[in-house]
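In: just coords:
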C-alpha cells in the first residue's frame, strides 16, 4: 500500500540573537580602566574615552558572558546595573537598580531577562574598580548599554496576536501588533 505523504511540520521560530552596544560615559578613578567581556561574546575592549563596542550573543550563550573591567588590579571589582528609562546614560528619574554585586554574577542572559521584566532595553552600569579597595562609589567606570535583537516571540504567520517583537536601540518594538479582531490587515512591520 502506498505511503501517505506526511503533512509539513510547522517551522519553529528561530531563537533570537542579541547585541549589547556598550558606550563609555564617564569615570572618576586614579586608574586607567578598560571594560571588556568575559566569555564567548568577548571581543573588543573599551578604554576610558574609547569608542563604543557591540557584543553579540545568542539565546543559548548569553549566560556565559558578562561585562567586567579587564584592566590589571581590578580583581576585587563590583558593579551596579540600573535601567535607563529615558536613554540619557545617567541614573535618574524612574531608573531602577536591577543588580549590585560581582560582575561575574550578571550575565548577558540576565540583562535580557531584566529588559523583558521591565520593558526597558537601555541600562546604565557603574563599576567600582576595587583598585584601592572597594569604596562602593560605583563611579570608577560608567557606561551605557543598549540592547538590540532579531525578532523574538512566536512566529505566528501574521495572526496579529502581538507576540512577535524585537529590541531595537533599547526599545521593544512590536512586529505583529494585535487588535480586537485578531487581524493585523497588512502583515508585520517595524516602525
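Out: That came in fine, so what should we check first? Model, not experiment: these values are computed from the prediction. Numbers count the residues shown, from 1 in each chain.
In: drop to CA atoms for contacts and neighbour counts, all remaining ones
Out: Noted.
In: just give me the residue right at the centre of the protein.
Out: The residue lying closest to the centre of the chain (C-alpha atoms, centre = their mean) is residue 147, at 4.0 Å.
In: test my guess that it contacts residue 170.
Out: Yes - between residue 147 and residue 170 a contact is recorded at 4.7 Å, counting by C-alpha atoms under 8 Å.
In: quickly list what's touching both of the two.
Out: 121, 122 (C-alpha atoms under 8 Å, 6 or more residues apart in numbering).
In: all helices of this protein, in order?
Out: Taking DSSP state H to define them, one finds helices in the chain at 108-118.
In: quick one, domains of it?
Out: Using automatic domain parsing, the domains assigned to the chain come out as 17-149, 156-191.
In: deepest of the ones you listed, which one?
Out: The highest average neighbour count among the domains of the chain, using mean count of other C-alpha atoms under 10 Å, belongs to domain 17-149 at a mean of 19.
In: distance between that one and the chain's centre?
Out: Distance of domain 17-149 from its chain centroid, counting by C-alpha atoms, centre = their mean, to the nearest Å, is 10 Å.
In: roughly how far does residue 21 sit from residue 146?
Out: Noted for residue 21: a distance of 5 Å to residue 146, by C-alpha to C-alpha, to the nearest Å.
In: cool, and residue 22?
Out: Between residue 22 and residue 146 the computed distance is 7 Å (C-alpha to C-alpha).
In: kindly report the same for residue 91.
Out: Counting by C-alpha to C-alpha, the separation of residue 91 from residue 146 is 14 Å.
In: could you do residue 39 as well?
Out: 19 Å.
In: cool, and residue 93?
Out: 18 Å.
In: rewinding a little: reformat the domains of the chain as CSV; add mean pLDDT.
Out: As requested, these are exported to CSV (pLDDT from 0 to 100):
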stretch, mean pLDDT
domain 17-149, 94
domain 156-191, 64
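In: first vs last residue of stretch 30-50, how far apart are they?
Out: Using C-alpha to C-alpha, the two ends of stretch 30-50 sit 17 Å apart.
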